[in-house]
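Engineer: Below are the sequence and a predicted model for it; my questions follow.
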Amino acid sequence: MASVMRALTALLVAAMLAPAPALAGTAYGSANVNYKILPSVHAQVVPNYATGFGPQGGFGSGSTPAAGAGAVLNGGTVDFGNVVVGYQYIYKYAAQVSVQTNDSAGFVVYAEGATDWNGSNPVPTPATFAILHTLYWLTSSASNTAFTPAKSFTRTAGSPLAGGALGIDYSGVGGKPPAGSVVWSYPASGNVTQGFDYQLRLPGSIPTSQFNLYIVYTVIGN
């Protein structure tokens with residue numbers, strides 16, 4: 001209150017001493033505006049992302065592999081179609097991961113099976129078969145074959161959401177996928193893509209059935 005009173009007193013004295021009213025002056029004020037851009041990561045997975053997608057291999061099996069009805073360009077499912085146990089196959093241009101981020105430290109992409117293989121039509125006994133050492137991944141290349149070295153997918157230790165259709169909940173296992181499931185890392189911000197081929201290696205012990213599962217990609221900024 002004291003500072004306000006001093007200001008009023010000075011104004012009164014100036015008015016009494018001035019021979020005529022002074023013209024109004026110009027006053028200035030300012031507002032300091034701040035904002036902070038938070039790191040963001042957006043991602044999209046596109047199955048069958050290029051012309052020529054689909055299965056190859058099965059050499060010596062007596063059958064020619066062809067993509068199943070669920071596979072369509074830039075969508076659908078990664079459908080190996082009809083395959084023969086004991087043989088190896090590669091699915092070209094199976095999935096492409098696109099990432100957009102402003103994080104200068106980049107990001108890491110993880111991929112895991114939401115479950116093991118689920119059998120149906122007919123339902124085998126047991127009803128599931130391990131994904132480990134049956135489904136593999138490798139970065140897309142024109143030179144890839146059914147015998148190119150690749151890394152096996154593993155079943156997640158997290159909790160699948162809607163069987164994997166809505167992702168995987170990692171809150172009960174440390175909040176993120178394990179380091180062993182990394183499929184791609186990028187050290188900078190940008191709008192980038194990476195394609196993946198899949199390999200199917202079928203042991204003779206797998207029962208006759210139709211099998212399916214979800215591969216879930218999780219992208220985390222650095």
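Structural biologist: Structure received.

Engineer: how about low-confidence regions in this structure?
Structural biologist: 1-24 (pLDDT under 70).

Engineer: where do the helices sit along it?
Structural biologist: Taking DSSP state H, the helices of the chain run over residues 2-17.

Engineer: isn't Ala127 right next to Asn118, touching?
Structural biologist: Yes - applying CB atoms under 8 Å, one finds Ala127 in contact with Asn118, separated by 6.8 Å. The way it works is simple: take the backbone N, C-alpha and C, and place the C-beta from them, glycine included.

Engineer: Looking at those two, which one has more neighbours?
Structural biologist: Asn118 (19 against 13; other CB atoms under 10 Å).

Engineer: okay, now His133: neighbour count?
Structural biologist: Neighbour count of His133, defined by other CB under 10 Å: 11.

Engineer: separation between it and Ser205?
Structural biologist: According to CB to CB, to the nearest Å, His133 stands 11 Å off from Ser205.

Engineer: What of Ala111?
Structural biologist: Applying CB to CB, the value for Ala111 to Ser205 is 25 Å.

Engineer: Show me which of those two is the more surrounded one.
Structural biologist: Ala111 (23 against 8).

Engineer: which non-adjacent residue is nearest that one?
Structural biologist: Excluding the flanking residues, the one nearest Ala111 by CB to CB, 6 or more residues apart in numbering is Val183, at 4.6 Å.

Engineer: For the one you found, list the residues it contacts.
Structural biologist: When contacts are counted by CB atoms under 8 Å, 6 or more residues apart in numbering, Val183 touches Val109, Tyr110, Ala111, Trp137, Phe196, Tyr217.

Engineer: can we see that at 7 Å?
Structural biologist: Residues in contact with Val183 (CB atoms under 7 Å, 6 or more residues apart in numbering) are Val109, Tyr110, Ala111, Trp137, Phe196.

Engineer: Quick check: bridge partners of the second one?
Structural biologist: Partner residues in beta bridges with Tyr110: Val182, Thr218, with DSSP bridges as the criterion.

Engineer: what's the answer for the fourth one, then?
Structural biologist: When bridges are assigned using DSSP bridges, the partners listed for Trp137 are Lys151, Tyr198.

Engineer: Would you mind measuring from it to Ser40?
Structural biologist: For Trp137, the distance to Ser40 - CB to CB - is 26 Å.

Engineer: for Ala162, same thing?
Structural biologist: When Ala162 is compared with Ser40 (using CB to CB), they lie 25 Å apart.

Engineer: repeat for Ala130
Structural biologist: Counting by CB to CB, the gap between Ala130 and Ser40 amounts to 37 Å.

Engineer: what does Tyr214 give?
Structural biologist: Going from Tyr214 to Ser40 by CB to CB gives 25 Å.

Engineer: Please apply the same query to Gly195.
Structural biologist: Distance from Gly195 to Ser40, by CB to CB: 23 Å.
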